[in-house]
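Novice: A predicted structure for the sequence below; I have some questions about it.
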Amino acid sequence: YSTGTYSYPSAIAVGDFNNDDILDIVVTNYGYGNIYIFRGYGDGTFFNVNIYSTGSLSNSKMVIVIDLNGDNRLDIVVANSGTDNIGVFFSNDNGTFVNQTSFSTGNGSAPYALAVVDLNNDNQLDIAVANFGKDNLGILLGCVNGTFFNQLTYSTGDYSQPYSLAVGDFNNDNRLDIITANSAIDNVGLFLGYVTEDFLISPAYSIEPSSLPTSIAVGDFNNDTRLDIVIANNGTNNIMILDGSGYGTFVSQTNYSTGNDSQPCWVAVSDLNNDNLLDIVVANSGADNVGIFLANGSGTFLNQMTYFTGLRSQPYSVVIVDFDNDTHLDIAVASYGSNSVGVFFGYGNGSFGNQLIFYTGYQSHPYALAVGDVNNDNLTDIIATNNGYGKALTRASPHWPGIFNMLGKCMKNECCCPTDFTLTQQGSNHLRIQVQFDNHCKEPLDAVLPLPSGFNIVLPVSKDKLNCTLSDDSNMLTVDNIDRPPCSDTAVRRGAAL
């Protein structure tokens with residue numbers, strides 16, 4: 001699903017934004033200065049991309065989906081590193097969002113990473129932010145109705161450039177602690193939650209020289225009931241496991257290679273093969289792949305399996321969720337270099353099928369992703385922050401079965417109709433569909449989707465005067481030629497058959 005040429009998608013998250021029990025996806029597009037929301041159909045495909053501006057040169061780095069104001073609707077929180085603020089998009093009751101509300105993190109702070117949790121046990125959500133530009137951890141305590149007090153800061157060390165953070169109770173005192181990945185000084189900082197609203201700064205844990213830690217995640221990897229952490233080391237091309245002691249310290253570390261020049265940027269954890277053990281997924285931006293480390297039951301992991309995300313795709317972030325409601329976890333990836341979001345559908349045994357690609361737009365550079373049901377239709381939607389855009393647009397994307405699902409259907413007296421289309425075979429079992437619309441009422445559609453087995457592509461004889469309805473009947477994709485204006489309800493079917 002396209003995020004647009006030069007959109008540079010960078011981060012991804014999931015959630016049900018419209019309360020239809022189907023997950024949606026949000027992507028941050030570094031190149032566009034916006035977020036993309038992909039609405040889910042519940043079968044692993046998506047439609048109706050909604051785009052919201054994060055501001056010119058906002059360079060959004062991370063996105064989180066959560067109900068901030070207690071109205072039982074998911075809101076969206078982004079870290080805008082270029083404009084030094086946290087952006088919040090509050091949801092309306094119809095699955096749309098109001099324009100961004102911003103909360104300052106300080107001039108030159110360049111916030112890179114976020115966590116949204118109740119840090120002080122007052123039943124209000126707070127925000128923790130890694131301020132890359134100011135070498136500190138910022139805490140914005142929640143007030144009421146999704147508003148926040150001014151930021152409190154804690155130093156992560158001179159010239160530390162914190163790149164990522166995670167939250168967990170590392171010393172079993174029932175208070176949340178925060179851990180930061182300090183990319184410039186190759187260490188991990190631990191901030192222990194205190195009785196008041198303060199944090200105690202613990203000694204940092206040094207890791208490999210020149211490791212450049214860029215992402216961190218929390219989980220109990222050896223089933224000892226104590227939280228451990230996994231770090232993506234961009235500089236040394238590996239992931240590192242630090243085993244927690246349960247007392248706010250870490251007792252051992254183990255490294256696993258992600259491959260030469262792989263430059264891992266993002267790490268996430270979940271049980272991919274239903275063995276009750278946490279597995280690890282990493283976005284390897286330098287190798288153009290997603291890496292999978294399956295747990296082997298002894299607190300260690302098997303060697304990495306990789307899935308190609310496309311030449312020069314530069315995958316930056318991943319989320320793990322079941323998009324097609326088959327009880328198997330899938331992986332969505334924001335590909336910064338190819339301006340797209342990719343989805344790998346899981347088989348439930350730790351392996352995955354070929355990537356389904358959704359483009360996010362020219363120079364969009366999607367950076368961060370989130371998922372959720374944003375429009376209460378019980379379908380999972382995708383939200384993307386597009387770092388390269390500074391504008392808001394709307395696009396629709398197809399799904400299969402029913403490739404277009406009435407996409408572009410032109411009702412009488414309406415003139416937002418498809419005016420041209422191109423079908424191109426991609427390999428042996430994929431179809432690229434490109435559609436132009438009149439009156440500039442929709443962004444051009446450009447999507448690649450897999451075809452069911454046994455289907456062949458027959459390209460259309462002519463595209464003359466094509467202007468209205470795209471629909472499908474069981475095994476037939478039809479492109480209708482309809483007289484206008486106004487658009488007629490009577491179609492002469494010609495064009496592309498599958």
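Specialist: Cool, got the structure.

Novice: sketch out the low-pLDDT regions of the protein for me.
Specialist: For the chain, the stretches with pLDDT under 70 are 2, 4-6, 9-10, 47-48, 195-197, 373-377, 379-381, 383-498.

Novice: so it: which segments form each domain?
Specialist: The record's domain parsing of the chain by automatic domain parsing lists 2-395, 418-494.

Novice: now find how far off-centre the longest one is within its chain.
Specialist: Okay, so that is domain 2-395. Offset of domain 2-395 from its chain centre (Cα atoms, centre = their mean, to the nearest Å): 7 Å.

Novice: returning to that earlier point: just the domains of the chain: most buried one?
Specialist: Highest mean neighbour count among those (mean count of other Cβ atoms under 10 Å): domain 2-395, with a mean of 23. Where you see a C-beta, it was placed from the backbone N, CA and C, and this is true even at glycine.

Novice: Thr327 is in contact with Tyr347, isn't it?
Specialist: No: assessed by Cβ atoms under 8 Å, Thr327 is found out of contact with Tyr347, at 11.0 Å.

Novice: for stretch 66-79, C-alpha coordinates in CSV please.
Specialist: The C-alpha coordinates for stretch 66-79 follow below in CSV (Å, rounded to 0.1, in the frame of the first residue of the first chain):
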residue,chain,number,x,y,z
ILE,A,66,-4.1,4.9,22.7
ASP,A,67,-7.2,6.4,24.3
LEU,A,68,-5.8,9.5,25.9
ASN,A,69,-9.0,11.2,27.1
GLY,A,70,-11.1,8.3,28.3
ASP,A,71,-13.8,8.5,25.6
ASN,A,72,-13.3,4.9,24.5
ARG,A,73,-11.9,6.0,21.1
LEU,A,74,-8.3,5.6,20.1
ASP,A,75,-6.2,8.7,19.7
ILE,A,76,-2.8,9.1,18.0
VAL,A,77,0.4,10.4,19.5
VAL,A,78,3.5,11.2,17.4
ALA,A,79,7.0,12.4,18.2
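
Novice: C-alpha coordinates for the longest strand seen in the chain, PDB please?
Specialist: In the chain, with assignment by DSSP state E, the single longest strand is strand 24-40. What follows is strand 24-40, C-alpha atoms only, in PDB (Å, rounded to 0.1, in the frame of the first residue of the first chain):
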ATOM      1  CA  ASP A  24      -6.100  -0.500  11.300                       C
ATOM      2  CA  ILE A  25      -2.600   0.800  10.700                       C
ATOM      3  CA  VAL A  26      -1.000   4.200  11.200                       C
ATOM      4  CA  VAL A  27       2.300   5.100   9.500                       C
ATOM      5  CA  THR A  28       4.600   8.100  10.100                       C
ATOM      6  CA  ASN A  29       5.900   9.400   6.800                       C
ATOM      7  CA  TYR A  30       9.200  11.200   7.500                       C
ATOM      8  CA  GLY A  31       9.400  12.700   4.000                       C
ATOM      9  CA  TYR A  32       5.800  14.200   3.900                       C
ATOM     10  CA  GLY A  33       5.300  15.600   7.400                       C
ATOM     11  CA  ASN A  34       2.100  13.600   7.900                       C
ATOM     12  CA  ILE A  35       0.500  10.300   9.100                       C
ATOM     13  CA  TYR A  36      -1.300   7.800   7.000                       C
ATOM     14  CA  ILE A  37      -4.200   5.700   8.300                       C
ATOM     15  CA  PHE A  38      -4.900   2.500   6.400                       C
ATOM     16  CA  ARG A  39      -8.400   1.200   7.200                       C
ATOM     17  CA  GLY A  40      -8.600  -2.600   7.600                       C
END
